Each structure stands twice: as C-alpha cells, then as structure tokens.
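# A structural model of the following input is requested.
(chains A, B, C and D)
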There are 2 protein chains.
Amino acid sequence: MGVVHDGQDGRYERAHRPARSEEKSPADRRSGIRLAALRLFAEQGYRSTTMTDIGAAVGIRGPSLYKHVASKHELLAEIMIGTMEQLIADNIAAVGGTDDVREQLRRSVEAHIRYHARHRLEAFVGNREIGNLEPPDQERVLSSRSDYERRYRELIERGAAEGAFEVRSARIASYSILDMGIGVASWFHEGGESSVDQLAYQYGDIALRIVNAY
Amino acid sequence: MGVVHDGQDGRYERAHRPARSEEKSPADRRSGIRLAALRLFAEQGYRSTTMTDIGAAVGIRGPSLYKHVASKHELLAEIMIGTMEQLIADNIAAVGGTDDVREQLRRSVEAHIRYHARHRLEAFVGNREIGNLEPPDQERVLSSRSDYERRYRELIERGAAEGAFEVRSARIASYSILDMGIGVASWFHEGGESSVDQLAYQYGDIALRIVNAY
DNA sequence: GAGTTCGGCTAATGACCATTAGCCATCAGA
DNA sequence: TCTGATGGCTAATGGTCATTAGCCGAACTC
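This next block holds a predicted model:
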C-alpha cells in the first residue's frame, strides 16, 4: 500500500488547465481525496462516510473516485498502516538517539505525544476503526500495534533491570503511558492552552514519574 | 444465518415452554437483548451490527426485537447514558467519602479504573460510538462527559491550591489520568496479570504521582 | 372456554450504498 | 488533425438494513 506512486516519474508536467481556481495534478487529486477521507472518517466514522461524501468534499461525484482509488477500504487501510509505520519509525529514531534509558523513554514519549497531537485525525481514526479493517490489513495493523507496545514494555523492563526505573508492573506502566498519549488525539487542538512542544515535554515528565525515574 | 426454526409451514410447534433451561420473563428478555447488543456493539461496532445479529444472539429474528425495544438506537443510547451516569455516581461517592484531597483523588481514580475494568464493554462502546448517537442523546452524553472531566480538573485544582498537589497544568493532569483509565477498557481482561483491585490500586498510585502528591 | 395479550414469524417497504458499466469531453503528443 | 489516455458523469447492479405490517399459536384471565 505504499504511498503514492505518483505518476511514476513526473514525466508529464501536466499544468493543463492553468490557473483555474485550483490546480489538480494527479498527485494532488489523490492526496486531496485521502485528506478528505481522513477528515470524514474522523468526523463521522468509516461506516457512516459514503463515497458520495468523499467525492463531494473534493468536488466530484462518488463514482468518479474510482478513477483514483481502488476502493473505500483502501483509503482506510492506507491511513491506518501509514499511522502505525510512522509511530514505529519515530520510536526507533527516539530510542536510537541516546543510550540512557531515562532519555530513551522521555524521547519515546515525546515522539508519541507529538504524533498524536500533530496527526490527531490519523491517530483518532487509527484507534477507532481497527474493527473495520479487512483481514489482511487488520492483521498487519494489529501486529504493528503489538510491536509498538512491546517496544515500550521492553524499554521499561530494561530500565527497571538497570535500576533506573522502579515499577510494580511494566505492563501497566507501558499501557498507562501509551493510553494517556492516545487520549491526546481526542481532545488536543492547536491554539489551546498548550503548544505541541509543551505538551510533549509535560507528558515526558509524567511518564518518567510513572516509572519512578525521579 | 439459521437458527433452528421451523418456519415455512406456518404451524411451528415451537414449544416455548416457560419452564425450560432458559427463563424468559419479560425483564429477562429485555436485559438479554441489551447484553447481546452490548457485546455485539463492542465487538463489531454499532453500525456494523444488525438487528438480525442481535436477534440471533438471543435466539429470535430481527423484527421480533421490536416487541421489546423501540429501535436499535435506543439500545445504544441506554448503554451510553447508563455508563456516564454510573461513572458520575461512582465519582460522587468516591469524593464524598473523605475530606482529604489526596484520598479523594485516589478513590476517584480507583472508581474510574474499577468501572473501566469491570464494565469494559460499556466503557469501550461509550467511548467509540459517541458519533453514532442522535442529537438529543448525544448532547446529553457529551454534557455528562464534560461534567465528569470537570470534576477531576477541579479536584486537582483544589489539591494544588491546598498545596497537596503540584501540577503544571490541571487540565493535562486530569486528561492524562482519565485517558489512561479509558485505555484500560481496551486491553483489560479478567484472569490476566492483575486483578481489578490490584489494577485500581496501582492506577491510584500512578495518579498521585502524576499530580506530585508524594 | 372464549377472548385478550404476548411474543414469535414471514414478507414487505423504503432507503441507502459500494462498485461497475458505459458514455463523452478534453488534451497532450505525434 | 488524429489518437489514446485521462478523468469526469449518469445509470445500473446487487446488496444490505432498519423498521413496519400483518399473521398466528400459546398462555393467561375471568
């Protein structure tokens, strides 16, 4: 499900219908559809969103979407797989940047929070629509999800083994940290009491307190 | 989906004996339907659950459900309104039992966790299906939800004012505490690593650590 | 033991929906 | 200018669903 295959090589510069109110290169169209689908899935839910809704959001009729997308399900699958891949990639980067477990946990949590604040719609849909994914994709997402959780659990276990953390249950510590981050996607909005950076920092603190790192 | 029914010929010998293995008083029937709906909504989502599914789960046909229930939506609304009312009632009881803010927070969190562990399906559905509630009920649930969140926020603000807690943002502290509890509903299962009581106690600790009560 | 109620059932009804078919205008490139 | 691809569009197609209508047997009432 890769991300776009844009036009394979940008050979054709399009630029047709110049300067209309909106530019519609093939890639623009596709990502416009994806964005519209994401917003609608987040707002109304996958099952309640119709192809007609998505089409209307980008100014075309429902059936015309099939000139750009294989199915409604594909739109959902791309969102969810992309979300998990990004979360895992961010986590790998966060952990890889230092050798100190405390700092690894802090950076992991900050990345987790940043993602959930900056990509709230993706995270929100990613958490709510798992049951609407079809078999091949659902397993893939669930498996990524387990990997992601395991990375946190093992990090905390390692910290505990090294004496940096002290937890009664690494499982509970990791779930509580992950879950409070997931919650961010449902209430955060830019321009509120805190900026994304402040939020990330404060949740980093909270996580370290949860594992008794202080 | 065939349940055993003799249909067709019209002269079904049914044998719906009252004194069989399953008792079917009107109240039993109704709560059986509610429970079936709850399970199905939790597992498949509200939109993906059909009246036929719910009927099959209690051994009758979809349309027969209307002899007991006004609509599919009513089933969802009852679950969600009941959930919020119980959470608020539990919270009032928790706070009312003592005058010490620390203890009030601990008891509140324990009640929150207990509910999310013991009534995971209700809590799970209650958090996922808000968007599928229709206007009158949706507003009611959203308003209860705000009240519930406010109770936590104000409790934490009061604790901070009294010097018992120390938080950078009462809003973030309350959301993180509530969200980690909500998460419990998605992974907890009886017979796992922790009992409900252990879970409640540990989350109580975590909450007190989040507000720097130690 | 006749009438009433209860709670099943089957068959509509009336929508709604994802997806496919097939048509056509535009346009880039030859 | 011709041609093929692109990306719209309208009309099916084939399903699914909540809900309603109307029928009927069994149990309960008096």
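
# mind checking pLDDT for the residue nearest to A:Ile88 when sequence neighbours are not counted?
Of all residues beyond its chain neighbours, the one nearest A:Ile88 is A:Tyr148 (5.7 Å), with distances taken as C-beta to C-beta, 6 or more residues apart in numbering or on different chains. Quick note: C-beta positions are derived from backbone N, CA and C, even for glycine. The score at A:Tyr148 is 98. That number is its pLDDT.

# OK, contacts around A:Tyr148?
Contacts for A:Tyr148 (C-beta atoms under 8 Å, 6 or more residues apart in numbering or on different chains) come out as A:84, A:87-88, A:91, A:178.

# between these, which is closest to chain B?
Closest approach to chain B among these (C-beta to the nearest C-beta): A:Leu178, at 7.2 Å.

# Could you say which helix or strand holds the residue nearest to A:Ile88?
For A:Tyr148, the host element (DSSP states H and E) is helix A:135-161.

# quick one: buried residues of that helix?
Residues of helix A:135-161 classed as buried: A:137-138, A:140-141, A:144-145, A:148, A:151-153, A:155-157, A:159-160 (neighbour count, 16 or more other C-beta atoms under 10 Å in any protein chain shown).

# A:Ser79 contacts A:Ala36, correct?
Careful, residue A:79 is Ile and not Ser. No: in this structure, A:Ile79 is not within contact of A:Ala36 by C-beta atoms under 8 Å, at 11.8 Å.

# More neighbours: these two, which one.
Set A:Ile79 next to A:Ala36 and count neighbours by other C-beta atoms under 10 Å in any protein chain shown: A:Ile79 wins out with 23 against 20.

# Mind checking what secondary structure the more buried one has?
Of the three states, A:Ile79 takes helix under DSSP: H, G, I helix; E, B strand; the rest coil.

# which among the contacts of A:Tyr148 gets closest to DNA strand D?
Ranked by distance to DNA strand D (C-beta to the nearest atom of the strand), the contacts of A:Tyr148 are led by A:Met84 at 27.6 Å.

# Can you tell me the closest non-neighbouring residue to that closest one?
A:Ser144 (3.7 Å).

# show me what contacts that neighbour?
A:81, A:84-85, A:87-88.

# Tell me the spacing between it and DNA strand C.
As judged by C-beta to the nearest atom of the strand, to the nearest Å, A:Ser144 and DNA strand C stand 23 Å apart.

# show me where pLDDT drops low in chain A?
For chain A, the stretches with pLDDT under 70 are A:1-24.

# Next, name the residue at the spatial heart of it.
For chain A, A:Thr83 is the residue whose C-alpha lies nearest the centre (C-alpha atoms, centre = their mean; 3.2 Å).

# Pop the domain breakdown of chain A in here.
Following automatic domain parsing, chain A resolves into domains at A:26-69, A:73-210.

# How far off centre is the first one?
This means domain A:26-69. Centroid displacement of domain A:26-69 relative to its chain, using C-alpha atoms, centre = their mean, to the nearest Å, is 19 Å.

# ok, now the last one?
On the basis of C-alpha atoms, centre = their mean, the separation between the geometric centre of domain A:73-210 and that of its chain is 9 Å.

# Tell me if that domain is near DNA strand D.
No: judged by C-beta under 7 Å from any atom of the strand, domain A:73-210 makes no contact with DNA strand D; its nearest approach is 12.7 Å.

# Any idea how far apart the tips of that domain sit?
Across domain A:73-210, the terminal residues are separated by 39 Å (C-alpha to C-alpha, to the nearest Å).

# Done for today, thanks.
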